[in-house]
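Participant: Have a look at this fold, sequence not included:
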């Protein structure tokens with residue numbers, strides 16, 4: 001005999017929910033809008049670095065991180081940025097972006 005799924009599962013709409021991504025710092029899953037995308041960028045000199053991609057438009061593979069200093073510190077400690085984006089040596093752009101976000105949040109009343 002075939003069982004029907006619970007009512008909650010029947011009424012849940014997948015079109016209205018945001019995609020879920022995993023933070024490379026704390027490894028918790030969260031909705032995509034609450035995470036910051038990080039992408040790998042190569043300069044003209046050939047150096048690669050991780051850059052913040054708040055508009056989510058840079059080409060290539062991306063990694064996701066909660067835009068908090070705590071998750072950034074965990075990601076740096078675990079060297080998760082280099083593993084998620086192979087070849088990305090420098091992450092100062094990401095650090096500066098998160099510091100600006102933290103400063104802006106602290107200045108809000």
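Facilitator: Sure, I can see it. Quick caveat, the model's predicted, so the values are computed rather than measured.
Participant: Buried ones in stretch 79-88, by neighbour count?
Facilitator: Within stretch 79-88, the residues that count as buried by 16 or more other CB atoms under 10 Å are 80-82, 84-85, 88. In short, each C-beta sits where N, CA and C put it, glycine included.
Participant: Tell me which of the residues you listed fall in helices.
Facilitator: Among the buried residues of stretch 79-88, the members found in helices (DSSP state H) are 80-82, 84.
Participant: Residue 92 contacts residue 52, correct?
Facilitator: No - using CB atoms under 8 Å, residue 92 is not in contact with residue 52; the gap is 10.5 Å.
Participant: and the two? which has more neighbours close in?
Facilitator: The neighbour comparison of residue 92 against residue 52 (other CB atoms under 10 Å) goes to residue 52, with 21 against 10.
Participant: I'd say the more buried one and residue 91 touch.
Facilitator: No - using CB under 8 Å, residue 52 makes no contact with residue 91, being 9.4 Å away.
Participant: and for those two, which residues touch both?
Facilitator: Counting by CB atoms under 8 Å, 6 or more residues apart in numbering, the residues touching both residue 52 and residue 91 are residue 38.
Participant: check contacts around residue 48.
Facilitator: By CB under 8 Å, 6+ apart, the neighbours of residue 48 are 40-42, 87-90.
Participant: Quick one: mean pLDDT for the single longest strand found in the chain?
Facilitator: When the chain is parsed with DSSP state E, its longest strand is strand 36-42. The average pLDDT within strand 36-42 is 95.
Participant: Which strands and helices lie in contact with it?
Facilitator: strand 48-52, strand 62-65, helix 92-107 (3 or more CB pairs under 8 Å, 6 or more residues apart in numbering; DSSP states H and E).
Participant: if you set the cut-off to 6 Å instead, what comes out?
Facilitator: Judged by 3 or more CB pairs under 6 Å, 6 or more residues apart in numbering; DSSP states H and E, strand 36-42 is in contact with strand 48-52, strand 62-65.
Participant: Need the winner for burial among those strands.
Facilitator: strand 62-65 (a mean of 22; mean count of other CB atoms under 10 Å).
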